[in-house]
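>>> sequence-free structure coming up:
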């Protein structure tokens, strides 16, 4: 599984990683993602975006600081404030 679903819920960026074993026999990846999105993503979620798992930051220690770049379909790690300021 190379895709996941990023979305905003209650002001927080969330990422849904579909379980590969939930994929039905013969189901395309796009159909699988669409089914999981309809089933698992809250109706009021904002900025729902399908992203490649490679588009997630590798360092997960500051997940609460991640932001979504919908245009680039990437989840970005927010930069720490410049110490020189």
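In hand now; what should we look at? All figures in this text were calculated on a predicted structure; none of them were measured in a lab. Numbering: from 1, shown residues only.
>>> just give the closest residue to residue 65, not the sequence neighbours.
residue 78 (4.2 Å; Cβ to Cβ, 6 or more residues apart in numbering). Yep, even glycine has a C-beta here, placed from its N, CA and C like the rest.
>>> what's near enough to touch the one you found?
62, 65-67 (Cβ atoms under 8 Å, 6 or more residues apart in numbering).
>>> burial count for residue 75?
20 (other Cβ atoms under 10 Å).
>>> show me what the host helix or strand of it is in contact with.
Per DSSP states H and E, residue 75 falls inside strand 74-77. Strand 74-77 is contacted from outside by 6, 13, 15, 51, 55-57, 59, 62, 65-69, using Cβ under 8 Å, 6+ apart.
>>> walk me through which strands it pairs with, and which way each runs.
strand 66-69 (antiparallel) (DSSP bridges).
>>> for the partner strand, give me every contacting residue.
Contacts for strand 66-69 (Cβ under 8 Å, 6+ apart): 6, 8, 13, 47, 49, 57, 74-78.
>>> same check, this time on stretch 13-28
1, 3-8, 29, 32-33, 35-37, 40-41, 45, 53, 56, 66-68, 75.
>>> now with 6 Å, please.
1, 4-7, 32, 36, 40, 66, 68 (Cβ atoms under 6 Å, 6 or more residues apart in numbering).
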